[in-house]
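Colleague: here is a sequence together with a model predicted from it:
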Amino acid sequence: MPVTRFEVRQRRPLASGVAFGEIGPYEELKGRLYFSIDPLHSANRRITDVELAPRGPNGRVEWSSDVSLLLPVDRAQCCGRALLDVVNRGNTVAVPNFNRATRPVFTPGDGFVSCNFNNFHLGLTICYDLRFPEVCRALTLEHGANVLINSSAWPFPRLEHLRILALTRAIENQSYLIVANRVGSDDGVTFCGTSVIIDPYGVIVAAASADREELIQAEISQDVIDAVRQRMAVFEHRRTDLY
């Protein structure tokens, strides 16, 4: 299949430049690949309905596609063979998963982060933290947080998990909870948006769409926090002798 042009739009080291044996480090080239074929050529007849595709002035069918190439930084190490990843609805498999080469490695934190903002004390969390009730509880009881903030990247398959966990964290800690969740797609994963602001009663006071960037805002009140905690003294009723 004739390629007429490769437009490189991004160039980056693979796996932070780690060397792979005698071949050395690899790099990834991402961009746009441009094709041009003769629809009447016998080799192209297997392409479904190719004869119906629009043609250029030269009578050829032209199109382009996203492409990602992994190759040694030292081109002399190239062996002339290629692993072809045919994507399904944009979901690349080989690049992210082959020997887990491009999966990022994170170093776990060793403490909690909170800060004062006007009359409120913010407890900061990230994405997966929302699944662990101990995180928000520690920020509330030990660090005095009354507004919990979660910056996240939850995908669509777990949209309902995000909704339930966010409501739960707000209710059980009698605090505001603000979730800023991303939208769009990345490496074949589509994210579910629905950023939200929840009050200490568990009432959603502002919410964003699932499929586009939006700015949401709501008024938060210390009086609401105090009222909830006075009417149901959950923290005082904890059995610290047992848990």
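Modeller: Perfect, thanks for sending it.

Colleague: list the contacts of stretch 168-179.
Modeller: 120, 123, 130, 133, 136-137, 140, 145-150, 152, 162, 166, 195-202, 220, 225, 228-229, 232, 234-235 (Cβ atoms under 8 Å, 6 or more residues apart in numbering). Just so you know, the C-beta spots here come from the backbone N, C-alpha and C atoms, and that holds for glycine as well.

Colleague: and those residues, which of them are buried?
Modeller: Among the contacts of stretch 168-179, those scoring as buried are 120, 123, 130, 136-137, 140, 145-150, 152, 162, 166, 195-200, 202, 220, 225, 228-229 (criterion: 16 or more other Cβ atoms under 10 Å).

Colleague: among the contacts of stretch 168-179, which are located in strands?
Modeller: Secondary structure of these is defined by DSSP state E; positions in strands are 120, 123, 147, 148, 149, 150, 152, 196, 197, 198.

Colleague: ok, of these, which one's closest to residue 21?
Modeller: Here the nearest of the ones in strands among the contacts of stretch 168-179 to residue 21, counting by Cβ to Cβ, is residue 152; it sits at 37.2 Å.

Colleague: ok now do the residue nearest to the closest one when sequence neighbours are not counted, which residues does it touch?
Modeller: If you skip the residues right next to it in sequence, residue 152 has residue 127 as its closest partner in space, 3.9 Å away by Cβ to Cβ, 6 or more residues apart in numbering. The contact partners of residue 127, taken as Cβ under 8 Å, 6+ apart, are 150, 151, 152, 153, 154.

Colleague: centre-most residue in this protein?
Modeller: Closest residue to the average C-alpha location of the chain: residue 153 at 4.1 Å, with Cα atoms, centre = their mean.

Colleague: out of the ones in strands among the contacts of stretch 168-179, who's nearest residue 49?
Modeller: Of all the ones in strands among the contacts of stretch 168-179, the one with the least separation from residue 49 (Cβ to Cβ) is residue 152, at 42.6 Å.

Colleague: who's in contact with the closest one?
Modeller: 126, 127, 130, 162, 179, 180, 181, 182.

Colleague: try 7 Å
Modeller: By Cβ atoms under 7 Å, 6 or more residues apart in numbering, residue 152 lies in contact with 126, 127, 130, 179, 180, 181.

Colleague: so what sits opposite it in the bridge?
Modeller: residue 181 (DSSP bridges).

Colleague: distance of it from residue 62?
Modeller: In this structure, residue 152 and residue 62 are separated by 41 Å, where distance is defined by Cβ to Cβ, to the nearest Å.

Colleague: so what's the residue nearest to the centre of the chain up against?
Modeller: With contacts defined as Cβ under 7 Å, 6+ apart, residue 153 is in contact with 127, 181, 182, 191.

Colleague: for the residues you listed, give me a markdown table that also has distance to residue 240.
Modeller: As requested, those are arranged in a markdown table below (distance: Cβ to Cβ, whole Å):
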| residue | distance to residue 240 |
| --- | --- |
| 127 | 29 |
| 181 | 34 |
| 182 | 38 |
| 191 | 39 |
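
Colleague: and which of those residues is nearest to residue 84?
Modeller: residue 191 (27.6 Å).
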